[in-house]
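# Output the structure for:
(one chain, ligands or ions: 2)
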Amino acid sequence: MKILAIETSCDDTCIAIVQASPRRGSKVPRFHVLSNIVSSQTKIHRKYGGIVPSLAKRAHQENLVPVLEKALGEAKVLSNHESRVMNQESQSRVKSIRKILEREPELLEQFIKITIQTPKPKIDLIAVTHGPGLEPALWAGINFARALSYWWGIPLLGVDHMEGHIAANFLPQQKASKISNSKFLISKPAFPAICLAVSGGHTQLILVKDILKYKLLGETVDDAAGEGFDKVARMLGLGFPGGPEIAKIAKDGNPKAFDFPRPMLHSKDYSFSFSGLKTAVLYAIYKLMGSDPVKTGVRPLIVTKKQKKDIAASFQQAAIDVLIAKTIKAAKEYKVKTIMLAGGVAANQELRKQLGEVVEKKLQYTIYKIPHTSLATDNAAMIAAAAYFHRDKATLTRWKTLKANGNLKIG
Ligand code: KG4
Ligand code: ZN
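Ligands and ions are numbered 1, 2, ... in the order given. I've put the predicted structure just below:
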């Protein structure tokens, strides 16, 4: 079956088309990514140092139709008929489209101009992220998906964004040359599994008892791991998003130069906390600058390049130490057969490498799965993969009721 998926929970406008072919003896099918388009809004949000929801929504409205055209074109799922001829019936259906997209004015104009002329593609199911995320951004994708489902008569389904991140582990993985450990290549996960899901909005340890059977073991009590990377990057005057920037300069830094705290490392539960670590970094910067933030307020950053690299490496290592320790503890307690990484921070090479090394050393018989780096950060192929497992819930009338839920929670 072919799934068209839409993801607009944050600042990337993503549409993918994924083919799923059942595999004998496995609940996980063979996924073939036919197209996976990500239109980044980084340039828009960079100057604010974070994501502005209203700007994200507007950019999604502008980008969705061009991204769809690209995704359909690359996946070659359009039949070769000429454009549809408008008759009276389609005129009345356009009226319904206007109603569905009444809150998405930018999108409506483009939809009317282009999508209505596009022949129905060879797609079996439309999936869209319905939460968690920024509600105004989510709504742009949801209303677009509703309009497409209605117009083309293709069943629709809402997907949990975090379930999508987990499902990225079931999509095709990195080429052998890019990775050192052959365990990364085993494509069939065994259950139960533990997934460390680390993104800009979430830090969660999820027990995946089986396909679709999740239990949230613990999560952050304050900042998410990715948020920590973004905030520390801002303190160091680096760009947005901060994760890749920190990772880049940390390569030349000394991870032992600063003895930052490892919050909740020894707590008995599976909670995380990154706010104290962030504050420790801030105070280390002030100390280097020789000023007391309480007395002098924020001053322009005047630390050397070497100090910046050392701070980045030491911060990154402190975060990684906590993430790995809790993941291994949970893996042992629940005797899992697979450890998986998910979310934007899973693109971090040091985290991927170090967790792999610890799994190899301490849990030799455990499968270690990491998503392809390009599928760790937000994308729609992962939403299509998660949708496959929920395919029975897709209906032709779901467009009437599907809503955004910014606080949707897994497990
Ligand atoms: O999953 P994601 O793309 O979006 C959310 O659902 O939040 O995750 C984005 C987060 C950002 O905080 C970003 O800084 C972080 O993932 N990130 C990284 C790396 N690449 C992205 N953090 C550390 N190292 C990276 N290489
Ligand atoms: Zn995400």
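# So which bits of this protein are right by ligand 1?
Residues of the chain lying near ligand 1 by Cβ under 6 Å from any ligand atom: 10, 199-201, 226-227, 229-230, 241-244, 247, 343-345, 347-348, 377-378. (Glycine included, C-beta is placed from N, CA and C.)
# quick one: the strands in the stretch 151-300 of the chain?
Using DSSP state E, counting those that start in this stretch, the strands of the stretch 151-300 of the chain run over 156-160, 193-198, 203-210, 213-219.
# Is there contact, residue-wise, from the third one to ligand 2?
In this case it means strand 203-210. No: counting by Cβ under 5 Å from the ion, ligand 2 has no neighbours in strand 203-210; the shortest distance is 11.5 Å.
# Just the buried residues of that strand, please?
For strand 203-210, burial by neighbour count (16 or more other Cβ atoms under 10 Å) applies to 203, 204, 205, 206, 207, 208.
# I'd like these written out as TSV, with distance to residue 337 and pLDDT added.
Shown next, in TSV, are these (distance: Cβ to Cβ, whole Å; pLDDT from 0 to 100):
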residue	distance to residue 337	pLDDT
203	23	98
204	20	98
205	16	98
206	15	98
207	12	98
208	10	97
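# biggest helix in the protein, by residue count?
helix 305-333 (DSSP state H).
# Give the rounded mean pLDDT of it.
Regarding helix 305-333, the rounded mean pLDDT is 97.
# Return the distance of that helix from the chain's centre.
Distance, stretch centre to chain centre, for helix 305-333: 20 Å (Cα atoms, centre = their mean, to the nearest Å).
# on that earlier part again, so which two of the buried residues of strand 203-210 are the farthest from each other?
Spatially, the most separated pair among these is 203 and 208, at 16.4 Å (Cβ to Cβ).
# With just CA atoms, put stretch 269-279 into CSV.
In CSV, the C-alpha atoms belonging to stretch 269-279 read as follows (Å, rounded to 0.1, in the frame of the first residue of the first chain):
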residue,chain,number,x,y,z
ASP,A,269,12.9,6.7,38.4
TYR,A,270,13.2,7.4,34.7
SER,A,271,12.7,11.1,34.9
PHE,A,272,15.2,13.5,33.3
SER,A,273,16.0,17.2,34.0
PHE,A,274,18.1,19.5,31.8
SER,A,275,17.3,22.9,33.3
GLY,A,276,20.0,22.7,36.0
LEU,A,277,22.6,21.6,33.5
LYS,A,278,21.7,24.6,31.3
THR,A,279,22.0,27.0,34.3
